[in-house]
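K.L.:
structure here, sequence nowhere to be found:
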């Protein structure tokens with residue numbers, strides 16, 4: 001991985017701006033950037049994600065089997081250090097967060113072994129938080 005990795009930008013649909021702001025700022029503790037009546041930018045671990053209000057509430061929910069679990073095809077997230085992943089997963093467990101897929105380790109003993117969990121925001125967008133014991137494993141296969 002490059003030491004000069006640049007922040008990414010991701011725009012995603014939401015069905016309620018107020019609920020979205022509340023969830024991203026309280027559950028994930030993201031800071032708000034610019035905002036409007038129909039969109040808001042968040043600082044997502046140094047990356048810019050933008051929630052855009054939509055009128056159509058149909059959000060795609062197709063899944064694929066990965067290591068025996070139904071993983072939503074449409075999702076985004078962040079790869080944290082193991083320490084930060086443990087801290088976040090413990091915090092969300094203590095807040096009694098409803099996990100789509102509970103914190104677990106998949107591909108145990110294989111290349112790409114990772115700790116992961118999935119949660120949904122109020123609009124049904126799926127977020128994955130993962131950690132590798134060694135970041136060199138992120139792209140190994």
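P.N.:
That came through fine. Predicted, not measured: the structure shown is a model, and the values here were computed from it. Residues are numbered from 1 along each chain as shown.

K.L.:
can you tell me what sits against the lengthiest helix in the chain?
P.N.:
Longest helix of the chain, by residue count under DSSP state H: helix 82-94. For helix 82-94, contacts defined as Cβ atoms under 8 Å, 6 or more residues apart in numbering pick out 27, 80, 99, 103, 115, 117, 119, 129, 130, 131, 132, 133. Quick note: C-beta positions are derived from backbone N, CA and C, even for glycine.

K.L.:
buried set for that helix?
P.N.:
Buried residues in helix 82-94, counted by 16 or more other Cβ atoms under 10 Å: 85, 88, 89, 92.

K.L.:
and the gap between the last one and residue 25?
P.N.:
Read it as residue 92. In this view, residue 92 and residue 25 are 15 Å apart by Cβ to Cβ, to the nearest Å.

K.L.:
what's the answer for the first one, then?
P.N.:
Spatial separation of residue 85 from residue 25 under the definition Cβ to Cβ is 20 Å.

K.L.:
tally of neighbours for residue 67?
P.N.:
Residue 67 is flanked by 14 other residues according to other Cβ atoms under 10 Å.

K.L.:
isn't residue 69 right up against residue 101?
P.N.:
Yes. Residue 69 lies in contact with residue 101 (Cβ atoms under 8 Å); the separation is 5.7 Å.

K.L.:
and the angle from the very next helix or strand once past the longest helix of the chain to helix 82-94?
P.N.:
Later in the chain than helix 82-94, the nearest helix or strand by DSSP states H and E is strand 99-106. Interaxial angle of strand 99-106 relative to helix 82-94 (axes from the mean of the first three to the mean of the last three Cα atoms, to 10 degrees): 140 degrees.

K.L.:
tell me where this protein has helices.
P.N.:
According to DSSP H, the helices that the chain contains are 17-26, 82-94.
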